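[1] kindly return the folded structure for what I paste below:
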Amino acid sequence: MELYGAVIPTADDELVDADDIQHLLPPDTLTPADRYQELFVAVQMNEIFSDSKTFVDCVPRHDPEHILREYRANCAREDFDLRQFVLDNFTAEEAPPDCFVANRELSLAEHIDSLWDVLTRRPRKHPKRSSLLALPHDYVVPGGRFSELYYWDSYFTMLGLLDRKRSDLLRAMADNFAYLIDTYGHVPNGTRNYYLSRSQPPVFCLMVDLFETGGIHKALDYLPQLRKEYAFWMDGADDLRPGEAHRRCVRMACGAWLNRYWDDRDGPREESYFEDVTTARASTRPAHDVYRDLRAAAESGWDFSSRWQTDPHSLATIRTTAIVPVDLNCLLFKLERQIARLCAQAGEIQAVDDFIQRANDRQAAINKYFWRESEGAYMDYDWQLQQQRDNLTAATVVPLFVEMASPEQANAVADTIRQRLLAPGGISTTELGQTGQQWDRPNGWAPLQWLAIRGLLNYCHTELAADIRERWLTIVAELYRAEGKLVEKYVLRPTLEHAKGGEYPLQDGFGWTNGVTARLLRDDPAHSANRCRASL
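    I've put the predicted structure just below:
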């Protein structure tokens, strides 16, 4: 049968009807590593599958406890074949037989519109004891190896759904995210149980604005979920003394509260187990610290980048939890302002004052710790070393996106972008290249183009915003014309080539590229990309 866009041949008694999905209480949070223990380690370290994510997404053919007992009873035998044991006891997701083939007669905009149904998952059945988290409504996945719902990806994907008047799908996505916050207290990185220990950039407040703009729900309807997400990010803040940190909260030396990325687990990521063990072995630091920092970088969405490293050419020097990032704190500023606004609508005057003060305090701290006048940019801050980081990244645009920069700061950031981050295909992720990491130059990413364009427009830098939009649409159209597809990330150079770096091959699809590109095509109807067609 076809399930979640994949063929999973499993018995009917191993599936749960959609009507029962919302009643799976308590949620099944045992991850593959929890369930399969030394079997899990053996499979991942022996690279039974070429992609570490394959095994953690498998569906067990039998009861997991039975599988583990059988493994323990037989693994010491001389003729034991681990690969065959895995194939006998687990079913891996496979591409459906009617894989999507692009209609090369469609324009780029028409192609994107045709992809929404391909990338939509309709959870009518749910496999028992798999890592997949149950959701009550339809949702859109990024594509490729990412066959589940992802948090911050989805905001940028929704930009395209709003443009195409897919109100039914937007409503379903809205209800899914509210369900995740109500069920787990936060939105996990993705809808797999091995992602539950971390979140991603808190963009639910941005989604809520889209839901209201699209006539899906009033923003006030989501005030309870916005408060729950804020509580998740601020857990432990009240007990911190200056210079201390707990989970995602950091109390700065001056007494101000700021936030960092974190993960509640400190072992190798299950979906990248072999890779993380290899990275930790190359480090001089305790392995559990390296694992935590790798996981925290995954929560940032920038996995991975020289942004988080001491040595830009060595992932083993990653120090994510020591870094207070500018973009995360800008999004939390936006969340605080939004909660204050909605509390005013609800007549909760004391809460209004509280959250306005929180937002004002955070804005002052952002200016104190992140703004660097000499660079004309916002830079991350190393709270352990008590100094600003010296690597310029595209995160400098986020204060403009949430409209907390002064006009003078915005003008300086615009000049810095023009001089140091602008590339032939749009805005670069970082200044550093040749690091081997996918969130570094020369790669460019759709979400960063959107944040830059909208941020610059907020401060009337229309020419630079239009220039970035034109460059991005041109490079996306060039690849579509040559290969008939959109991809996860792009090389921002005039020569046509595939983006590299990171832990896995370039993925086709692709949710957030589709969403941002569709919105930008609508904003610039005269751009030649609107008429672009794939070569026959």
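
[2] so in the protein, where's the weakest helix or strand by average pLDDT?
    strand 2-3 (a mean of 31; mean pLDDT, DSSP states H and E).

[3] which stretches of the protein have low pLDDT?
    Applying pLDDT under 70 to the chain flags the ranges 1-27, 94-101, 163-164, 536.

[4] ok, now which ones touch the residue of the chain most remote from its centre?
    The outermost residue of the chain relative to its centre, with distances by C-alpha atoms, centre = their mean, is residue 78 at 43.7 Å. Counting by C-beta atoms under 8 Å, 6 or more residues apart in numbering, residue 78 makes contact with nothing. Where C-beta positions appear, they are placed from N, C-alpha and C, glycine not excepted.

[5] is it in a helix, a strand, or coil?
    coil (DSSP: H, G, I helix; E, B strand; the rest coil).

[6] figure out the helix or strand that residue 55 lives in.
    helix 52-56 (DSSP states H and E).

[7] that helix: which residues count as buried?
    Using 16 or more other C-beta atoms under 10 Å as the test for burial, helix 52-56 gives 52, 53, 54, 55, 56.

[8] looking at the residues you listed, which is nearest residue 278?
    Lowest distance from residue 278 to the buried residues of helix 52-56 (C-beta to C-beta) belongs to residue 52, with 10.8 Å.

[9] wait, isn't that closest one in contact with residue 268?
    No. Assessed by C-beta atoms under 8 Å, residue 52 is found out of contact with residue 268, at 9.2 Å.

[10] identify the residues contacting residue 455.
    Shown in contact with residue 455 (C-beta under 8 Å, 6+ apart): 397, 398, 399, 400, 401, 410.

[11] of the residues you listed, grab the buried ones for PyMOL.
    To isolate the buried ones among the contacts of residue 455 in PyMOL, judged by 16+ other C-beta under 10 Å, type:
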select buried, resi 397+398+399+400+401+410
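
[12] picking up where we left off before, just put the buried residues of helix 52-56 in CSV and tack on distance to residue 448.
    Formatted as CSV, the buried residues of helix 52-56 follow (distance: C-beta to C-beta, whole Å):
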residue, distance to residue 448
52, 26
53, 24
54, 29
55, 32
56, 28
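
[13] for residue 272, give its distance to residue 128.
    As for residue 272, its distance to residue 128 is 25 Å (criterion: C-beta to C-beta, to the nearest Å).

[14] let me fix that, I meant to ask about residue 521.
    42 Å.

[15] of those two, which one has the most company?
    residue 521 (23 against 16; other C-beta atoms under 10 Å).

[16] secondary structure element for the more buried one?
    Counting by DSSP H and E, the element that carries residue 521 is helix 511-523.

[17] for that helix, which helices and strands make contact with it?
    In terms of contacts (3 or more C-beta pairs under 8 Å, 6 or more residues apart in numbering; DSSP states H and E), helix 511-523 is packed against helix 108-119, helix 151-163, helix 446-458, helix 462-483.

[18] can you get me a residue count around residue 175?
    18.

[19] hmm, back to that, tabulate the helices and strands packed on helix 511-523 (JSON lines), appending distance to residue 48.
    Formatted as JSON lines, those follow (distance: least, C-beta to C-beta, whole Å):
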{"stretch": "helix 108-119", "distance to residue 48": "28"}
{"stretch": "helix 151-163", "distance to residue 48": "28"}
{"stretch": "helix 446-458", "distance to residue 48": "33"}
{"stretch": "helix 462-483", "distance to residue 48": "31"}
